[in-house]
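Peer 1: Would you be able to build a 3D model of this:
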Amino acid sequence: MKVTRSETLGPESRPVAIPHDFGPHSISKVNGTVTLHNGLWWSGEPMTLNLESPTDKIRLYEIVLSEGSAADVEEFISFSELITIWPSLYLPRYVQRAWESWFRDQGIVLD
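Peer 2: Modelled structure (predicted):
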């Protein structure tokens, strides 16, 4: 018996939240230190990130792009910062593909 991944189940089937009105005009509403809510971080102690730290900022972007809702993306993600740190992000393939498709649709060329 051959075992294959289902096209309708598993991580690849999860929706990727990209707000309809996200773009260059989007401004991150958070700065300083943030504690992630249960919808973004549900394992163990609450996660607090210092957005002055490049490592913490990258971690926030990875978590929000992978686990967040459209409202989370609007709240936490700055368009200009996303473009800047995109090459440093480690994302699941399906999340990366969804965002890269969105970038192409917007005419945005990533380095």
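Peer 1: need the contact list for the closest residue to F103 other than its chain neighbours.
Peer 2: Distances taken as CB to CB, 6 or more residues apart in numbering place L110 nearest to F103, at 5.8 Å, with adjacent residues excluded. Every C-beta, even on glycine, is put in place using the N, C-alpha and C of the backbone. L110 makes contacts with I83, W86, P87, E100, F103, as judged by CB atoms under 8 Å, 6 or more residues apart in numbering.
Peer 1: Now list the buried members of those.
Peer 2: The neighbour count (16 or more other CB atoms under 10 Å) marks W86, F103 as buried among the contacts of L110.
Peer 1: Save the contacts of L110 as TSV, and put in pLDDT, secondary structure and distance to I18 too.
Peer 2: Shown next, in TSV, are the contacts of L110 (pLDDT from 0 to 100; DSSP: H, G, I helix; E, B strand; the rest coil; distance: CB to CB, whole Å):
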residue	pLDDT	secondary structure	distance to I18
I83	92	helix	14
W86	95	helix	14
P87	95	helix	19
E100	93	helix	11
F103	90	helix	10
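Peer 1: Pull up the distance across stretch 20-40, start to finish.
Peer 2: End-to-end distance of stretch 20-40 (CA to CA, to the nearest Å): 20 Å.
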